[in-house]
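# following is a predicted model, sequence given first.
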Amino acid sequence: MKYKRILLKLSGESLMGDQSYGIDIKRVAQYAKDIKELHTQGLEIAIVIGGGNIYRGLSAEQSGMDRVQADYMGMLATVINSMALQDGLEKVGLKTRLLTAIKMEQICEPFIRRRAVRHLEKGRIVIFGAGTGNPYFTTDTAASLRAIEINADAVLKGTRVDGIYTADPEKDPSATRFDEISFTEVYQRGLNVMDMTAFTLCQENNLPIIVFDMNKPGNLSKLANGEPVGTIVR
């Protein structure tokens, strides 16, 4: 394996599948199967999921809601997604732990760094919910922060496209994909990989980001074995 410990970042929208809202259980099952394939090879896996398929704090603010209140609602949406993925992973026989930045003792453990690392060392899949626990910070930032805290080897960002392009490939058919790109070039080109806070955290801590198509079965395993899948930023 190229990596020993990774943090997988998934968007909330990725759980929708072909639906326009909510959680597609078939998509969750596919992700669980891919993650199990990776886990059986000995990789330690932590996961952060967004909440955009249920609720977006930023969108609510634009509609007139208080930003802080809206962001906390978004954090709760990430916990719902985390519980759905936890159920999918356990259905395929994996041991999991859900740790959240906001205490919800009946359904999960509070985030404690040493506890999270110990769970990983014991071979459990660790899911981090509720973002950073603070408003104004995205789940991308939560992913970068948690990856640094647990000493992950890389952040794997699963998306709908197979890497980073010169432009949005869904809008510009002439866009070309990068196999590898530096943090500096991403800044210079103004490419949208993660929000600036999350991206800078990774850069300052020498943490590579790999953007890849999570919806293609087998991609996750190929990537962890060092095969050229997606785009690596370092």
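Yep, it's here.
# going by C-alpha atoms from here, please, whenever you check contacts or count neighbours.
OK.
# show me what contacts the residue positioned nearest the centre of the chain?
Nearest to the geometric centre of the chain sits residue 9, at 1.0 Å (Cα atoms, centre = their mean). Contacts here follow Cα atoms under 8 Å, 6 or more residues apart in numbering; on that basis residue 9 touches 47, 48, 49, 140, 143, 155, 156, 157, 158.
# check contacts around the fourth one.
Remark: with contacts taken as Cα under 8 Å, 6+ apart, residue 140 is in contact with 9, 50, 194, 195, 198.
# C-terminal to the longest helix along the chain, what's the next element?
As assigned by DSSP state H, the longest helix anywhere in the chain is helix 67-91. Downstream of helix 67-91, the next assigned helix or strand under DSSP states H and E is strand 96-100.
# just the CA coordinates for that following strand, please, in CSV.
Written as CSV, here are the backbone C-alpha positions of strand 96-100 (Å, rounded to 0.1, in the frame of the first residue of the first chain):
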residue,chain,number,x,y,z
THR,A,96,-16.9,1.7,12.9
ARG,A,97,-16.9,4.6,15.3
LEU,A,98,-18.7,7.9,14.8
LEU,A,99,-17.0,10.9,16.5
THR,A,100,-18.6,14.3,16.4
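# run through who's touching the following helix or strand past that strand.
Read in the C-terminal direction, the helix or strand following strand 96-100 is strand 109-110, with elements assigned using DSSP H and E. Contacts with strand 109-110, where a contact means Cα under 8 Å, 6+ apart, come from 97, 98, 99, 100, 101, 102, 103, 104.
# starting from residue 83, give me the distance back to the first one.
Taken as Cα to Cα, to the nearest Å, the spacing of residue 97 relative to residue 83 amounts to 10 Å.
# ok, the second one next?
For residue 98, the distance to residue 83 (Cα to Cα) stands at 8 Å.
# one step back: hang on, the residue nearest to the centre of the chain is in a strand, isn't it?
Yes: checked against DSSP: H, G, I helix; E, B strand; the rest coil, residue 9 lies within a strand.
# partner residues bridging it?
Residues in a beta bridge with residue 9, per DSSP bridges, are residue 48, residue 157.
# mind giving me the PyMOL select for the contacts of strand 109-110, buried ones only?
Selecting only the buried entries of those in PyMOL, with 16 or more other Cα atoms under 10 Å as the criterion:
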select buried, resi 97+98+99+100+101+102
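# that older thread, got the angle between the longest helix of the chain and strand 96-100?
Using axes from the mean of the first three to the mean of the last three Cα atoms, to 10 degrees, the direction of helix 67-91 lies 170 degrees away from that of strand 96-100.
# hmm, who's touching helix 67-91?
Contacts with helix 67-91, where a contact means Cα under 8 Å, 6+ apart, come from 12, 15, 23, 28-29, 32-33, 35-36, 48-52, 54-58, 60-61, 95-98, 100, 127-131, 133-136.
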